[in-house]
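Peer 1: need a 3D model of the following:
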Amino acid sequence: MMPIAPEVLAALPQAIGRPYYAEWSNDGGTTWTRCGLVAGSAQVTADRTAENRYSGQAELLGVGEGRTGINSITTNVRLWQGVQLPRRDPVWFPAGRYSVSHTSRTLHGISVELEGLEDDLRDPFPVPRTVGPGPARTLVPQLVSEALPGVPVAWRPGVDPDTQVPQIVAADDRWSVLSSGSDSTGTSTGIAAALAGEIWADARGVIVVGPVPTLNDPVVWEIARGVGGALVQPQPETTRDGLANVWAVSGDGGDGSPAVGPAFAWDDDPNSITYAGPDPINDPGAPQRLGLFGVRVRTQRYSSSLITSYGQAAQVARAKLADSLGVQAALSLTAVCNPALEPGDVTAVEVDAGVWERHLIDSISYTLGAASMSCKTRTTARRL
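Peer 2: Predicted coordinates:
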């Protein structure tokens with residue numbers, strides 16, 4: 001979650017206003033020009049499962065078009081949302097930095113389609129190129145700055161930026177190398193994935209490399225029912241799309257050196273609905289023998305040319321498992337929008353009176369100025 005004072009977080013349901021504004025820049029963010037927004041036009045989606053973590057649309061007021069105004073080639077837009085509490089100045093939060101992908105003139109201003117900065121990193125290389133060897137700390141900012149000059153890279157605890165990345169041939173685009181792309185053989189070449197992490201452009205427009213979030217992460221927001229709390233309308237729905245309870249991860253540079261792994265990780269919690277059995281690798285018959293007739297094994301394999309040790313493979317396997325477990329659920333936060341909330345945050349939700357569940361936020365959607373927001377979440381709280 002973005003920084004937010006405890007007293008502001010506690011007072012969100014009592015906010016008396018939700019101000020907002022936009023800024024635009026044609027020089028890569030060196031300078032920004034403030035502009036207005038048509039009421040209700042700015043819609044934002046933050047989704048850690050999407051190609052671009054932040055995307056949206058808005059109708060800008062008081063702006064021109066073309067080379068010196070809003071255009072779909074060089075223009076970046078930043079959105080801001082505020083919380084107005086009684087007897088104090090508004091508290092402002094970033095709601096995404098975007099590239100403008102499409103413009104159209106309207107009766108009041110200019111309508112823009114907005115895509116996160118990841119979009120600029122997906123432009124193909126002019127020719128295949130060699131990347132590395134070297135530490136991730138050096139290679140990632142180098143690749144980012146080529147497409148997004150001046151945009152910083154931040155490293156969150158839980159990934160090691162000093163991990164050595166072997167030499168790879170990059171044939172596609174920077175994002176494939178940075179995130180989780182693959183070569184012609186299907187072997188992954190993504191740096192962030194090989195660090196057991198993920199990479200994204202956050203609400204400030206900073207490129208962030210961080211660990212894969214899990215439901216064991218600290219709870220950042222408690223969402224209670226009733227007076228003084230966020231009114232929550234749980235919409236139970238479940239799906240097994242993307243579910244895997246066993247991961248096999250290996251490393252193969254394709255250069256004749258011995259392959260690494262595979263290293264395995266599986267759901268070993270007997271109380272979990274996605275329990276994979278005591279040892280699905282070495283004793284796949286155990287569920288039948290022990291009468292565990294509800295066990296279902298769903299396996300995924302992952303191989304990366306950037307995994308160079310068994311320990312690294314095991315770390316990636318655990319991260320892949322954490323990201324693929326969980327029953328999909330839907331929550332509609334109908335009374336309060338928390339502008340500091342980010343995809344990947346863990347919340348504690350009172351789904352019924354006195355009944356609390358941990359939910360990992362996969363996606364958030366809201367309209368600037370509105371008091372409510374909707375979240376798609378993941379939870380393993382529902383047990384057998």
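Peer 1: name the residue closest to the centre of this structure, please.
Peer 2: Geometric centre of the chain, nearest residue: Arg48, 2.7 Å, by Cα atoms, centre = their mean.
Peer 1: quick check: that one vs Asn76, distance?
Peer 2: As for Arg48, its distance to Asn76 is 22 Å (criterion: Cβ to Cβ, to the nearest Å). Where you see a C-beta, it was placed from the backbone N, CA and C, and this is true even at glycine.
Peer 1: one more: Phe293?
Peer 2: For Phe293, the distance to Asn76 equals 56 Å [Cβ to Cβ].
Peer 1: then Val295?
Peer 2: Counting by Cβ to Cβ, the gap from Val295 to Asn76 is 50 Å.
Peer 1: those two: who's more crowded?
Peer 2: Per other Cβ atoms under 10 Å, whichever of Val295 and Asn76 has more neighbours is Asn76, with 22 against 18.
Peer 1: now Arg301: closest residue in space, sequence neighbours ignored.
Peer 2: Closest residue to Arg301 apart from its sequence neighbours, by Cβ to Cβ, 6 or more residues apart in numbering: Ala248 at 4.8 Å.
Peer 1: in the longest strand along the chain, what's buried?
Peer 2: In the chain, with assignment by DSSP state E, the single longest strand is strand 91-105. By neighbour count on 16 or more other Cβ atoms under 10 Å, the buried set for strand 91-105 is Val91, Phe93, Pro94, Ala95, Gly96, Arg97, Tyr98, Ser99, Val100, Thr103.
Peer 1: would you list those in JSON lines and tack on distance to Trp24 and pLDDT?
Peer 2: Below are the buried residues of strand 91-105 laid out as JSON lines (distance: Cβ to Cβ, whole Å; pLDDT from 0 to 100):
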{"residue": "Val91", "distance to Trp24": "23", "pLDDT": "95"}
{"residue": "Phe93", "distance to Trp24": "18", "pLDDT": "97"}
{"residue": "Pro94", "distance to Trp24": "14", "pLDDT": "97"}
{"residue": "Ala95", "distance to Trp24": "14", "pLDDT": "97"}
{"residue": "Gly96", "distance to Trp24": "13", "pLDDT": "96"}
{"residue": "Arg97", "distance to Trp24": "11", "pLDDT": "97"}
{"residue": "Tyr98", "distance to Trp24": "10", "pLDDT": "97"}
{"residue": "Ser99", "distance to Trp24": "11", "pLDDT": "95"}
{"residue": "Val100", "distance to Trp24": "8", "pLDDT": "96"}
{"residue": "Thr103", "distance to Trp24": "11", "pLDDT": "95"}
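Peer 1: what packs against the following helix or strand past the longest strand of the chain?
Peer 2: Beyond strand 91-105 in the direction of the C-terminus, DSSP states H and E gives the next helix or strand as strand 110-116. Contacts defined by 3 or more Cβ pairs under 8 Å, 6 or more residues apart in numbering; DSSP states H and E place strand 110-116 against strand 54-61, strand 76-83, strand 91-105.
Peer 1: Arg67 is nearest to which of those strands?
Peer 2: With distances scored as Cβ to Cβ, the stretch of the helices and strands packed on strand 110-116 nearest to Arg67 is strand 91-105 (12.7 Å).
Peer 1: need the helices and strands packed on strand 110-116 in a markdown table (columns: distance to Ile199).
Peer 2: Formatted as a markdown table, those follow (distance: least, Cβ to Cβ, whole Å):
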| stretch | distance to Ile199 |
| --- | --- |
| strand 54-61 | 14 |
| strand 76-83 | 19 |
| strand 91-105 | 15 |
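Peer 1: thinking again about what came up before, tell me which of the buried residues of strand 91-105 is nearest to Thr31?
Peer 2: Set against Thr31, the nearest of the buried residues of strand 91-105 by Cβ to Cβ is Arg97 (14.0 Å).
Peer 1: how about the contacts made by the residue lying closest to the closest one once chain neighbours are set aside?
Peer 2: Spatial nearest neighbour of Arg97, excluding adjacent residues (Cβ to Cβ, 6+ apart): Gly205 at 2.9 Å. Applying Cβ atoms under 8 Å, 6 or more residues apart in numbering to Gly205 gives the contacts Gly29, Asn76, Arg78, Pro94, Gly96, Arg97, Leu117, Val151.
Peer 1: could you measure from the nearest residue to the second one once chain neighbours are set aside over to Cys35?
Peer 2: Put plainly, it is Asn76. On the basis of Cβ to Cβ, 6+ apart, the spatially nearest residue to Asn76 that is not a chain neighbour turns out to be Ser25, at 4.9 Å. Counting by Cβ to Cβ, the gap from Ser25 to Cys35 is 11 Å.
Peer 1: Ser305 too?
Peer 2: Noted for Ser305: a distance of 46 Å to Cys35, by Cβ to Cβ.
Peer 1: okay, these two: which has more neighbours?
Peer 2: The neighbour comparison of Ser305 against Cys35 (other Cβ under 10 Å) goes to Ser305, with 23 against 18.
Peer 1: would you list the contacts of Gly205 in TSV and tack on distance to Pro339?
Peer 2: Below are the contacts of Gly205 laid out as TSV (distance: Cβ to Cβ, whole Å):
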residue	distance to Pro339
Gly29	21
Asn76	20
Arg78	14
Pro94	9
Gly96	11
Arg97	15
Leu117	20
Val151	22
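Peer 1: and which of those is nearest Val220?
Peer 2: Nearest to Val220 out of the contacts of Gly205 is Pro94 (Cβ to Cβ; 16.9 Å).
Peer 1: ok, that closest one - contacts?
Peer 2: By Cβ under 8 Å, 6+ apart, Pro94 lies in contact with Met2, Arg78, Leu79, Trp80, Ala203, Arg204, Gly205.
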